[in-house]
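[1] next comes the sequence, and after it the predicted model I'd like to discuss.
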Amino acid sequence: MEKVLRDFKPGESGVVKRVGGDGAVRRRLFDMGVTPGAPVKMRKVAPLGDPIEVTLRGYELTLRKGEAENVIVEISE
Amino acid sequence: MLKLALAGNPNCGKTTLFNALTGSTAYVGNWPGVTVEKREGKYKKLGEAIDIVDLPGIYSLSPYSPEEVVSRNYLLDEKPDVIVNIIDATNLERNLYLTTQILETDLPVVIALNMMDEVERQGDKVDSKALSEKLGVPVVEISALKGKNIHELMKTAKDAAAHSRKASSVLSLGELAPLVQKAEEMLKARDVDNPLFHAIKLIEGDELEVKAHDEDAKQLQELKEGYKSEMFGDDFEAYTADARYRYITEKLSCVIHKAERKEKLTKSDKIDKVLTSRIWGIPIFIVMMFAIFHITFAEDFLYMNALYGVEVQGWECWWEAGSFVIDGGIPSPGVLLQSCLIWCTDSLSALAAEGLASAPAWVSSLICDGVLAGVFSVLSFLPQIALLFLFLSILEDSGYMARVAFIMDRIFRKFGLSGKSFLPLLMGFGCSVPAIMASRTLEHDKERQMTIYMTPWFSCTAKMPIYTAIAAAVFVGNDDLVVFGMYLLGIVCAILGALLLRNTIFKGETAPFIMELPAYHLPQAKSLFVHLWDKVKKYVVRAATIIAASTIVIWFVSNFNWSYHMVDSIEDSIIHDIGSFVSWIFYPLGFAIGEYGWVFVVAAVTGLIAKEEVVSTMTVLGIAIGALAADTGEATAIEALFAVSGITTPAVISFMAFNLLAIPCFAAVGAARAELGKGRGFKGALLWWMASAYVVSMMIYLIGSWWWTVFIFAAIIAVAVTCIVLWNKGKLKLPTRKKA
């Protein structure tokens, strides 16, 4: 099942399927390792509800929900 | 001399390695044209010295951030003899992504595998020999922290520099191989250096590259049509990023041997759970910030005087009775250090005055009242600036700063800033100078500029005496309310100002907030002090140059008349004439009106040099104009000044607001110039501060004096806001839009 990364709850995980968006944001996501096939796990949400923190390729990455909207993740049911 | 470039991700130990290699030879400057730090140094333990350039920490050689562009241009244009690519062995996957790009140049590369001890501690294994075979370049295991194997590393690098290396790319292995080859041949035919690197960037559709080789890019576009893949279509940027990571995960799986591990929390995870917890995250952060400010600025440390009546009375300095007295609470370390420094500088001033006793009056006045007084008053902030910076570096190096940005981002995004600009702004309450210097950690130009523009409005400690002295003189009984009100006014102006800039000149999308949250670790004393020393040195140099020069000018105009004769009374001086002459500019602000209006004008103008000057100018001039029968000290001279001047309450508030919002001080202007460069950004900052100070003070005075003017201002603001909104929606076009 496909799910947008911004809708993830802490603890959920999946494999990145597509990365949308354009320009600098998209390239930045690629450079940080958010590429199709990368396993990603949602860690937590910041105290004020945004941004979020995910574990990816062995490190912690933070991004805003607005940016996480571009990341489509395949989750197993 | 051999030129060596250090390249690697942020937080991979690059700075630690650089410090270990270069020691005292390190020199910190800026890359030309951008505010990205450039560090250079020499390694001397291998016969002939090796020049080392520390490239900024980057994740990729993409064309989007100034750090990346600077690194890329350095590698391609300056052609170092060898690149040492530092890799955090605990995070191979992402670190090697940059490596795959570096290997596409023709430069010799050596890989320094850092933090191997940490890998072993976790029970994992990284096979450096296998890694070296796969990548085709030497790999040296090091520990930058302990200085282990770094001599080996330099030897290997020196050997590598003697041999040429052929560029290699992961893309030459996949289905794009023929395309890569064709593009490379095309560029080779044109005699381009590093053809493979450029070829791959062209295939990626890299903005900079397409601009530089647009002919080839067009030709290549046709070729690329034939290589559309099922998964990525014609999105070659996505394809290459994916290919690099795929290569890393597939081919290098035999290099990393992860120990079987249950989902166990590391120490760093446990700390993080508390520090960024939904409930405790913000309270902990507030307490931490408060502690830092308290240690640096509190006059009554731990509130021991206020709470328990712990008091030091006449705590005299042991080396000279009476020279160094503290009454009241025990001062915090910051205040104590500052008192010590002030004692030292006062003694030096006294010595100088003694030594110059027989010299002509103007010489001793120039040196004592001019240069020394000015420079020392700026220097007196050094201990507190240094302490703030030390704390800031500890937060940065420990990895907490990234979490602060994580916690605060939500609030700041609304104003076009990100969580990262929170700390510089907060430091503004201490001193604008370190605050403006701290804005360097902000990656995006727009955000950095806006942060610098807003910083001085978070009233610094030098502005507080202005508020307290005036409140004590004019608003007896309500003085704490007035002081608090001024702080609040600054914050409100900063928020409104940020909103205004965001919707006009700094329009555009908010900078992305996609960043690594590094694992927590203990900061290294050595790198803390290297960093601190650098900041202190810069501050002292600035005090000795720009500030010394400006104090001479001010001293001259307040002590001489137009025929260059020294005057006894300031009323005959050049500054009085200038003050009176420019007074009309300040008439709409209220405080310039009246017989003694020029005093406030001069005070406000000297305040542009340093905010401490405001109170001292008012005192000196208050005495000089004979407002006070007997010279009985500062507070009363100011009280008398306000009494005789007959200044109205709205004008007093307008005067304080002007001091709050106008150019903070020469030291801060110097810092802003260092961060913004000489160009438009810097001039814009000066204009922004002066214009907003003028407008806000005028509004305060006019509305305070004639309440109905509020309707006029409301109407003007309403029209302005409507215009901005319409303009942003594209419904309104400016007749002649200035260069954007």
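    Cool, got the structure.

[2] how about residue 50, what does it touch?
    Picked chain A for this. A:64-65, B:409-410 (CB atoms under 8 Å, 6 or more residues apart in numbering or on different chains). From N, CA and C alone the C-beta is placed, and that goes for glycine too.

[3] my bad, the chain I had in mind was chain B
    B:Ile50 neighbours (CB under 8 Å, 6+ apart): B:1-4, B:42-44, B:154, B:157-158.

[4] in helices only, show me those residues.
    B:154, B:157-158 (DSSP state H).

[5] quick check, A:Lys41 in a helix?
    No - applying DSSP: H, G, I helix; E, B strand; the rest coil, one finds A:Lys41 to be strand, outside a helix.

[6] let me know the pLDDT of the closest residue to it other than its chain neighbours.
    Leaving out its chain neighbours, the residue that sits closest to A:Lys41 by CB to CB, 6 or more residues apart in numbering or on different chains is A:Ser13, at 3.8 Å. A:Ser13 carries a pLDDT score of 92 in this model.

[7] swap in B:Phe232?
    B:Phe232 is given a pLDDT of 75.

[8] correct me if wrong: it contacts B:Tyr239.
    Yes - here B:Phe232 reaches B:Tyr239: they are 4.4 Å apart, a contact under CB atoms under 8 Å.

[9] from chain B, how far off is A:Ala46?
    To chain B, A:Ala46 is 5 Å away according to CB to the nearest CB, to the nearest Å.

[10] run through the residues that contact that residue.
    Contacts for A:Ala46 (CB under 8 Å, 6+ apart) come out as A:52-53, A:62, B:276, B:281, B:406-407, B:409-410.

[11] pick the one among the contacts of A:Asp50 closest to A:Gly58.
    A:Arg64 (22.0 Å; CB to CB).

[12] surely that closest one touches B:Ala405?
    No - under the criterion of CB under 8 Å, A:Arg64 is not in contact with B:Ala405, lying 11.2 Å apart.

[13] which neighbours do the two share?
    B:Phe513.

[14] next, count neighbours for the residue of the stretch 201-350 of chain B found nearest chain A.
    Among residues of the stretch 201-350 of chain B, the one nearest chain A by CB to the nearest CB turns out to be B:Ala241. It sits 3.6 Å away. Number of residues near B:Ala241 (other CB atoms under 10 Å in any protein chain shown) recorded here: 27.

[15] and the residue in the stretch 351-500 of chain B that chain A sits nearest to, what element?
    Going by CB to the nearest CB, chain A is nearest to B:Arg410 of the stretch 351-500 of chain B, at 3.8 Å. Assignment of secondary structure by DSSP states H and E places B:Arg410 within helix B:400-413.

[16] mind checking how far the next helix or strand after that helix is from the chain centre?
    The first helix or strand that comes after helix B:400-413 along the chain, using DSSP H and E, is helix B:422-427. Chain-centre distance of helix B:422-427: 10 Å, with CA atoms, centre = their mean, to the nearest Å.

[17] mind listing residues that contact helix B:422-427?
    Taking CB under 8 Å, 6+ apart as the rule, helix B:422-427 contacts B:289, B:388, B:392, B:395, B:401, B:404-405, B:408, B:411-412, B:434-436, B:438-439, B:441-442, B:451-452, B:454-455, B:458, B:494.

[18] contacts only, for the residue of the stretch 1-150 of chain B found nearest chain A.
    Using CB to the nearest CB, the single residue of the stretch 1-150 of chain B nearest to chain A is B:Ser60, 3.8 Å away. Counting by CB under 8 Å, 6+ apart, B:Ser60 touches A:27, A:31, B:68, B:97-98, B:101.

[19] can you list the helices and strands that the helix or strand of chain A with the lowest mean pLDDT packs against?
    Every helix and strand in chain A was compared by mean pLDDT, DSSP states H and E; the lowest is helix A:23-31, with a mean of 87. If you count contacts as 3 or more CB pairs under 8 Å, 6 or more residues apart in numbering or on different chains; DSSP states H and E, helix A:23-31 packs onto strand A:13-19, helix B:236-251, strand B:514-516.

[20] next, the buried residues of the second one.
    By neighbour count, and taking 16 or more other CB atoms under 10 Å in any protein chain shown as the criterion, the buried residues in helix B:236-251 are B:236-249.

[21] can you pull the pLDDT of the residue of the stretch 351-500 of chain B closest to chain A?
    90.

[22] ok, now which ones touch it?
    A:46, A:48-51, B:419.

[23] if you set the cut-off to 6 Å instead, what comes out?
    For B:Arg410, the contacting residues are A:48, A:50, by CB atoms under 6 Å, 6 or more residues apart in numbering or on different chains.

[24] which is the next helix or strand following the one helix or strand B:Thr468 maps to?
    Secondary-structure assignment from DSSP H and E places B:Thr468 in helix B:464-474. Next in sequence after helix B:464-474, counting helices and strands by DSSP H and E, comes helix B:479-503.

[25] ok, the spatially closest residue to B:Val170 that is not a sequence neighbour to B:Glu354 distance?
    Spatial nearest neighbour of B:Val170, excluding adjacent residues (CB to CB, 6+ apart): B:Tyr247 at 4.0 Å. Remark: distance between B:Tyr247 and B:Glu354 (CB to CB, to the nearest Å) = 75 Å.

[26] cool, and B:Ser393?
    40 Å.

[27] neighbour count winner among the two?
    B:Ser393 (20 against 10).

[28] what sits against the more buried one?
    Contacts of B:Ser393 by CB under 6 Å, 6+ apart are B:528, B:531.

[29] secondary structure element for it?
    helix B:382-398.

[30] dump the C-alpha coordinates for that helix into PDB.
    The C-alpha coordinates for helix B:382-398 follow below in PDB (Å, rounded to 0.1, in the frame of the first residue of the first chain):
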ATOM      1  CA  LEU B 382      34.700  40.500  25.300                       C
ATOM      2  CA  PRO B 383      34.300  38.100  28.300                       C
ATOM      3  CA  GLN B 384      30.600  37.900  27.900                       C
ATOM      4  CA  ILE B 385      30.800  37.500  24.100                       C
ATOM      5  CA  ALA B 386      33.400  34.800  24.600                       C
ATOM      6  CA  LEU B 387      31.400  32.900  27.200                       C
ATOM      7  CA  LEU B 388      28.200  33.100  25.000                       C
ATOM      8  CA  PHE B 389      30.200  31.700  22.100                       C
ATOM      9  CA  LEU B 390      31.700  29.000  24.200                       C
ATOM     10  CA  PHE B 391      28.200  27.800  25.200                       C
ATOM     11  CA  LEU B 392      27.000  28.100  21.700                       C
ATOM     12  CA  SER B 393      29.900  26.000  20.400                       C
ATOM     13  CA  ILE B 394      29.200  23.400  23.000                       C
ATOM     14  CA  LEU B 395      25.600  23.200  22.000                       C
ATOM     15  CA  GLU B 396      26.600  23.000  18.300                       C
ATOM     16  CA  ASP B 397      29.300  20.400  18.700                       C
ATOM     17  CA  SER B 398      27.200  18.200  21.000                       C
END
